[in-house]
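Student: Sequence and predicted model, in that order:
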Amino acid sequence: MTPYDVPLEAAGFTFRVRVYPAAEPTGAVVVWLHGGAFMFGSIEMPEADEVAKRFGDHGVTAVSVDYTLAPLDALPDLDTADAPEGMPSAEQIQAEIAAAGPRARFPVASLQSVAAFDWAVAYAASFGGDPARVGLGGASAGGNLAAGAAVRLRNRGGASPAALLLAYPVLHSQLPPAGEELAALLVGLPAMLTFPPEQTRAFNRNSVGDEALLADPTAFPAGHDQRGLPPTVIVTAERDRLRTSAEAWAAELALAGVDVAIRTERAALHGFLNEVGDAAALRTVARFAAAL
């Protein structure tokens, strides 16, 4: 079925969701958030569009969120000097995303994520969904937004995600240290794919603006009370510096009594959901659909 856009408003900003109705709906729905260091990305990128279509193959209707991006203040910290072939330069990235519309820092995208979830629950029946089977998920920075929204929903009470589905997310404002095994796997990768802690922290700080907000559990949930969060499925990339964040947070969830499963895609790099037809990407969407 043909996807369609729905305009919404939250936190003083207009945004939209794109609904991908499953041709043969099972009743499951996922509200999905793309990644991009909080500053980049759109619902047109494969990590949003292709993922949403693949959810449909499993009978899951996807609601892709075109949330308001953060300002570009951290762009100079993005080292593209040795970017892989085919990756855009910093100048190309800046030109591409300059037309993304109004920008705003936390908590705008976080509140929009909650609003998108609430909309999906309210209208699930209109596209063959079950309001009790609406999941919330995302990749990279989108995984952060999904997790933060889950914390907001838990604190608020009422409708809660049927499952939290995260691909290579960042849950810490400062990445946990990498062990020898991961450090060895990162050798030889372009700098921009190794996520140096100082660069990642610059992106994270840019997303919130105020340094004090890095400690807000709805901005970066790691290190806070995880009790009462939804059943969670996490998929990481083996050769990804952000893997330390996902692994540490999964341990926190388990200790808090949250039903959590974590899987590592061997040899995969961060952002593999952007690779159309990639086997790891197809497996990941299938795992997420099964959780719903």
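Tutor: In hand now; what should we look at?

Student: Helices of the chain, residue ranges please.
Tutor: 49-57, 90-97, 108-123, 141-156, 180-186, 197-208, 243-255, 279-291 (DSSP state H).

Student: For Ala290, the count of nearby residues, please.
Tutor: 12 (other C-beta atoms under 10 Å). Any C-beta I mention is one placed from the backbone N, CA and C, and that applies to glycine too.

Student: who's in contact with the closest residue to it other than its chain neighbours?
Tutor: The shortest distance from Ala290 to any non-neighbouring residue, by C-beta to C-beta, 6 or more residues apart in numbering, is to His58 (7.7 Å). Applying C-beta atoms under 8 Å, 6 or more residues apart in numbering, we find His58 in contact with 22, 26, 28, 285-286, 289-290.

Student: cutoff 10 Å now
Tutor: 22, 24, 26, 28, 30, 285-286, 288-290, 292 (C-beta atoms under 10 Å, 6 or more residues apart in numbering).

Student: Grab the two from these that are most spread out in space.
Tutor: Spatial extent of the contacts of His58 (C-beta to C-beta) is set by the pair Glu24 and Phe288 at 17.5 Å.

Student: The two: which is more packed in?
Tutor: Legend: neighbour count by other C-beta under 10 Å for Glu24 and Phe288, higher for Phe288 (26 against 10).

Student: That one is in contact with Ala167, isn't it?
Tutor: Yes: using C-beta atoms under 10 Å, Phe288 is in contact with Ala167, at 8.0 Å.

Student: before we move on, back to that, please check the contacts of His58 and keep the buried ones.
Tutor: 22, 26, 28, 30, 285, 288-289, 292 (16 or more other C-beta atoms under 10 Å).

Student: where's the dip in pLDDT among those residues?
Tutor: When the buried ones among the contacts of His58 are compared by pLDDT, Leu292 scores lowest at 94.

Student: Count the neighbours of the nearest residue to Ala237 once chain neighbours are set aside for me.
Tutor: Spatial nearest neighbour of Ala237, excluding adjacent residues (C-beta to C-beta, 6+ apart): Ala268 at 3.9 Å. When counting by other C-beta under 10 Å, one arrives at 24 neighbours for Ala268.

Student: swap in Glu9?
Tutor: 11.

Student: In contact with it: list those residues for me.
Tutor: Per C-beta under 10 Å, 6+ apart, neighbours of Glu9: 15-16, 112, 115.

Student: what residues are up against Arg152?
Tutor: 107, 110-111, 113-114, 117, 217-218.

Student: What distance do you get for it to Ser160?
Tutor: Look at Arg152 and Ser160: by C-beta to C-beta, to the nearest Å, they are 11 Å apart.

Student: Then Val276?
Tutor: Distance from Val276 to Ser160, by C-beta to C-beta: 32 Å.

Student: more neighbours, those two?
Tutor: Ser160 (19 against 12).

Student: Need the pLDDT of the more buried one.
Tutor: The predicted local confidence for Ser160 is 97.

Student: Now do the contacts for it.
Tutor: Ser160 touches 117, 121, 132, 134, 136, 150, 153-154, 228-230, counting by C-beta under 10 Å, 6+ apart.

Student: repeat that for 8 Å
Tutor: Contacts of Ser160 by C-beta under 8 Å, 6+ apart are 150, 153-154, 230.

Student: Name the spans of the stretch 101-250 of the chain whose pLDDT lies under the cut-off.
Tutor: Applying pLDDT under 70 to the stretch 101-250 of the chain flags no residue at all.

Student: so which of the contacts of Glu9 is the most crowded?
Tutor: Gln112 (27 neighbours).

Student: wait, isn't that one in contact with Val65?
Tutor: Yes: the pair Gln112 and Val65 qualifies as a contact (C-beta atoms under 8 Å) at a distance of 6.7 Å.

Student: Could you tell me which residues touch both of the two?
Tutor: If you check Gln112 and Val65 against C-beta under 8 Å, 6+ apart, the residues they both contact are Phe15.

Student: As TSV, the contacts of Glu9 with distance to Val187 would be great.
Tutor: Converted to TSV, the contacts of Glu9 look like this (distance: C-beta to C-beta, whole Å):
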residue	distance to Val187
Phe15	40
Arg16	42
Gln112	38
Ala115	43
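
Student: what sits up against the longest strand along the chain?
Tutor: Of all the elements of type strand in the chain, the one with the most residues (DSSP state E) is strand 260-269. Strand 260-269 is contacted from outside by 189, 193, 231-240, 243, 246-247, 250, 253-254, 272, 280, 283-284, 287, 291, using C-beta under 8 Å, 6+ apart.
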